[in-house]
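In: dropping a prediction and its sequence here:
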Amino acid sequence: MFVSQNKQNMTPLTAILDKFELQGPVLEVRPLGNGLINDTYKVLTPDGCPDYVLQRINNAIFTDVDLLQSNIEAVTGHIRSKLVAAGESDIDRKVLRFIPVKEGGKTYFFDSKCYWRVSVFIPDSYTYQTVDPHYSRFAGEAFGRFEASLADIPDKLGETIPDFHNMELRARQLREAVQADPVGRMAEPEVRAILGEILRYEEKMCLGERLHREGKLPKRICHCDTKVNNMLFDAQGNVLCVIDLDTVMPSFVFSDFGDFLRTAANTVAEDDPEWEKVAFRHDIFEAFAEGYLQGAASFLTPVERENLPYGTLLFPYMQAVRFFADYINGDTYYKIKYPDHNLVRTRNQMALFRSVLADMDYMAEVIAKLS
């Protein structure tokens, strides 16, 4: 048996797995994927038994694991019930299934140091890293359908990362960083210039929270981490299901629409220092918007549709604010590879913000035509 485990003082993986109601003996445990947050392993069992996915939940980020798993159980249970009602076949390939522990029935186990969970591995499934119009349309429709399937969920879900996409909070955090200036970076002329540009748009970019307080913009159950590789496909290229559900929580639809486009529709990576090469890709926007509006057609309100361009603009701005605040604070949150990494990221995201800002009328026309 191959077991990869290099965390100090960690309970052996086989002992962890023995706490869950698995079918068949464990033959092998091997690392799976390259996730940045949770440690993930594939668990192999004999023929005739399902394989599994074992994860160590990063409770430094997801501090309320009971809430986290309660959200996931509610979401997967609701989607499963809809698939059953619709007479779907092969349901275990179209929604994740988590395994309870032997004692207590919870879907996670705490070994006094770490939190663990186990789900059934979906065989003959694939993820893709490719960001092109073809897969962007798939992503839009899949995430739109995902939100639509949860529009009537009776359970009250909590925020696994409180205020994750709250622009007003991010603006306050930036102002606090500027006031404290713990490492003296506000003395840099470029830093003061960037701050001036960010503050010019602060009120405009907090529109979502204002609309919500006015009762015009509802919160939905959103994925909040919409990437192409957070979907599973079958061998024929059909979407099986949405995965990586840790960030599923109440949010505005902009969280799923805008966050995907922030990364997918940028012509370069978010930390590319050649910010002059940054541009907003129309082909990705049009493909994703077409898929999303089709998948989410059953529940979107006129206010939500009309403000999808704002949602697209919001996310490069919000991410720029977060990178910039971290730079001013002395790089305490995001990992950096060189001293001004967060400043480079800020320049990049502000360049994307300007590119998207120039395309607001274009996006509104596209949304109107697709609607």
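Out: Yep, it's here.

In: which residues of this protein score low on pLDDT?
Out: Counting by pLDDT under 70, the chain contains low-confidence residues at 1-11, 34-36.

In: what segments of it are strands?
Out: 28-31, 39-44, 52-57, 109-110, 115-120, 220-222, 231-233, 239-242, 249-251 (DSSP state E).

In: what's in contact with the second one?
Out: Under the criterion CB atoms under 8 Å, 6 or more residues apart in numbering, residues 4, 7, 13, 17, 22, 26-33, 51-56, 58, 118, 121 lie in contact with strand 39-44. C-beta: built from backbone N, CA, C; applies to glycine.

In: mind redoing it with 7 Å?
Out: Strand 39-44 has contacts (CB atoms under 7 Å, 6 or more residues apart in numbering) with 13, 17, 26-33, 51-56, 121.

In: do the same with the third one
Out: Taking contacts as CB under 7 Å, 6+ apart, the residues outside strand 52-57 that touch it are 13, 16-17, 22, 29, 32, 38-43, 65, 68, 99, 108, 114-121.

In: ok, the residue of the chain most remote from its centre to residue 328 distance?
Out: Centroid-distance maximum for the chain: residue 187 at 34.8 Å, with CA atoms, centre = their mean. Distance, residue 187 to residue 328, by CB to CB, to the nearest Å: 11 Å.

In: state the distance from residue 271 to residue 106.
Out: Separation of residue 271 from residue 106 (CB to CB): 39 Å.

In: run through the helices of the stretch 251-371 of the chain in chain order.
Out: Ranges of helices within the stretch 251-371 of the chain are 254-264, 282-295, 302-306, 308-328, 341-357, 360-370, based on DSSP state H, counting those that start in this stretch.

In: list the buried ones in the second one?
Out: Residues of helix 282-295 classed as buried under the neighbour-count rule (16 or more other CB atoms under 10 Å) are 284, 285, 286, 287, 288, 289, 290, 291, 292, 293, 295.

In: any residues touching it, and which ones?
Out: 131, 133, 136-145, 148, 257, 260-261, 264-265, 363, 366-367, 370-371.

In: now stretch 45-55: buried residues?
Out: In stretch 45-55, counting by 16+ other CB under 10 Å, buried: 45, 50, 51, 52, 53, 54, 55.

In: pull the distance from it to the chain's centre.
Out: Taking CA atoms, centre = their mean, to the nearest Å, one finds stretch 45-55 lying 26 Å from the centre of the chain it belongs to.

In: tabulate the CA atom coordinates of that stretch in CSV.
Out: What follows is stretch 45-55, C-alpha atoms only, in CSV (Å, rounded to 0.1, in the frame of the first residue of the first chain):
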residue,chain,number,x,y,z
THR,A,45,-10.6,-0.7,-2.9
PRO,A,46,-11.1,-4.2,-4.6
ASP,A,47,-13.2,-4.6,-7.7
GLY,A,48,-16.9,-4.5,-7.0
CYS,A,49,-16.5,-1.8,-4.3
PRO,A,50,-16.4,1.9,-4.9
ASP,A,51,-13.2,3.9,-4.7
TYR,A,52,-13.2,7.0,-2.4
VAL,A,53,-11.8,10.5,-2.0
LEU,A,54,-10.3,11.3,1.4
GLN,A,55,-9.8,14.9,2.3
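
In: show me the contacts for the spatially most central residue of the chain.
Out: The centre of the chain sits closest to residue 225, judged by CA atoms, centre = their mean, with a distance of 1.0 Å. The contact partners of residue 225, by CB under 7 Å, 6+ apart, come to 244, 247.

In: if you set the cut-off to 8 Å instead, what comes out?
Out: Neighbouring residues of residue 225 by CB under 8 Å, 6+ apart: 244, 246, 247, 259.

In: cool, residue 59 as well?
Out: By CB under 8 Å, 6+ apart, the neighbours of residue 59 are 65, 114, 115.

In: how much space between residue 147 and residue 140?
Out: Distance, residue 147 to residue 140, using CB to CB: 11 Å.

In: compare these two and say which is more crowded by neighbours.
Out: Set residue 147 next to residue 140 and count neighbours by other CB atoms under 10 Å: residue 140 wins out with 29 against 25.
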